[in-house]
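*Asks:* sequence first, predicted coordinates after that:
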Amino acid sequence: MTLESAAKAANFSKFHFERIFKMYTNMSFYQFVMKKRITKAETLMLDPKISITDIAVDSGFHSVSAFNKAFKEIKHCTPSAFRKFILNPNSNEKTE
């Protein structure tokens, strides 16, 4: 989903939609979409058979580097470190 498609569905200009969206959610539409994508990625990471690359694509990212950057910005660790932690929470390894 893009800002343009959401604004069109709401019958607003993208600029007006963005203002209203931010007023009600306290985040930009872009931030909202990124958080939703990262939440989906977190769920997919519970399956150790799915590669990080596949998780990135399945979560709506166009590249692994974009996924890594967004994930680290939101979760403050790399996807690999996060996955290691959730699959083995008793380990003494710190997330980055």
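*Replies:* Looks like it came in fine.
*Asks:* what residues are up against residue 13?
*Replies:* residue 7 (Cβ atoms under 8 Å, 6 or more residues apart in numbering). The C-beta positions use only the backbone N, C-alpha and C, and glycine is treated the same way.
*Asks:* next one, pLDDT for it please.
*Replies:* pLDDT for residue 13: 96.
*Asks:* repeat for residue 4
*Replies:* At residue 4, pLDDT is 95.
*Asks:* count of neighbours near it?
*Replies:* Counted with other Cβ atoms under 10 Å, the neighbours of residue 4 add up to 11.
*Asks:* look at residue 94 and report its pLDDT.
*Replies:* 53.
*Asks:* go through the helix or strand harbouring residue 22 and flag the buried ones.
*Replies:* According to DSSP states H and E, residue 22 maps onto helix 14-25. Residues of helix 14-25 classed as buried by neighbour count (16 or more other Cβ atoms under 10 Å): 14, 17, 18, 21.
*Asks:* whichever helix or strand comes after that helix - contacts with which helices or strands?
*Replies:* Scanning forward in sequence from helix 14-25 by DSSP H and E, the next helix or strand is helix 29-44. Applying 3 or more Cβ pairs under 8 Å, 6 or more residues apart in numbering; DSSP states H and E, one finds that helix 29-44 contacts helix 3-10, helix 14-25, helix 52-58, helix 64-75, helix 79-87.
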